[in-house]
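Engineer: quick one, fold the following:
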Amino acid sequence: MLVLALITLVLHGALTGLFYSFSMSVMPGLNAIDPAQAEAAMRSINRKILNGWLFIAFIGSPPAALVAGFLADGMAATWFFAAAGVNFAGSFLVTVAINVPMNNALDAGTMSFKAYSPRWTAFNTLRTVACAASLVLVGLGLTAL
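Structural biologist: You can find the predicted model right below:
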């Protein structure tokens with residue numbers, strides 16, 4: 001159980017860090033260059049980020065917390081279940097419903113980088129906050145084991 005809880009913590013931490021780095025450095029950096037260059041760079045990033053390492057953290061975080069919740073008892077289970085729910089709603093659903101469609105629009109050329117960047121960054125920051133909250137909840141689950 002402890003190993004699963006630690007893996008869950010690492011997955012949530014990796015996802016939090018990924019989203020945080022985009023909102024705090026990648027997007028401001030892209031906003032500081034010519035919009036055409038920023039758009040080309042973001043298209044490349046959006047293509048290259050789709051890899052196994054992303055999918056392990058992105059798809060693995062909520063189920064890992066959910067399984068940890070089923071295996072734990074008492075308050076630890078509650079914290080893990082809460083982490084799974086917060087991560088699923090604030091990361092997975094926001095990504096699928098908002099960020100990915102915007103990435104697709106940017107890639108298709110139907111959305112300019114100037115229109116894309118502020119909205120995408122706002123929702124990415126929401127994902128960051130949700131992932132940070134779920135990371136805290138996993139930590140609370142660990143302390144309650």
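Engineer: please name the residues that touch Ala130.
Structural biologist: Taking Cβ atoms under 8 Å, 6 or more residues apart in numbering, we find Ala130 in contact with Val86, Asn87, Ala89, Gly90, Ser91, Val94. (C-beta placed from N, C-alpha, C; glycine too.)
Engineer: gap between the second one and Asp107?
Structural biologist: What it means is Asn87. From Asn87 over to Asp107 the distance is 26 Å, taken as Cβ to Cβ, to the nearest Å.
Engineer: okay, now the closest residue to Asn46 other than its chain neighbours: neighbour count?
Structural biologist: Spatially, and ignoring its direct neighbours in sequence, Asn46 is nearest to Asn103 (4.6 Å; Cβ to Cβ, 6 or more residues apart in numbering). Around Asn103 there are 21 other residues, counting by other Cβ atoms under 10 Å.
Engineer: mind telling me what element Asn103 is part of?
Structural biologist: Taking DSSP states H and E as the criterion, the element that holds Asn103 is helix 100-108.
Engineer: which strands or helices does that helix pack on?
Structural biologist: helix 35-48, helix 113-143 (3 or more Cβ pairs under 8 Å, 6 or more residues apart in numbering; DSSP states H and E).
Engineer: the residue nearest to Asn46 contacts Arg47, doesn't it?
Structural biologist: No: using Cβ atoms under 8 Å as the test, Asn103 is too far from Arg47 to be in contact (9.3 Å).
Engineer: give me the distance between Trp53 and Met1.
Structural biologist: From Trp53 to Met1 the distance is 25 Å (Cβ to Cβ).
Engineer: could I get the CA-only coordinates of the helix or strand where Ala84 lies as CSV?
Structural biologist: Element membership for Ala84, per DSSP H and E: helix 74-87. The C-alpha trace of helix 74-87 is given here as CSV (Å, rounded to 0.1, in the frame of the first residue of the first chain):
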residue,chain,number,x,y,z
GLY,A,74,-10.4,5.4,7.3
MET,A,75,-9.4,8.9,6.6
ALA,A,76,-6.6,7.8,4.2
ALA,A,77,-9.2,6.3,1.9
THR,A,78,-11.2,9.6,2.0
TRP,A,79,-8.1,11.7,1.1
PHE,A,80,-7.2,9.4,-1.8
PHE,A,81,-10.7,9.4,-3.2
ALA,A,82,-10.8,13.2,-2.9
ALA,A,83,-7.5,13.4,-4.7
ALA,A,84,-8.8,11.2,-7.5
GLY,A,85,-12.0,13.3,-7.9
VAL,A,86,-10.2,16.6,-7.8
ASN,A,87,-7.5,15.5,-10.3
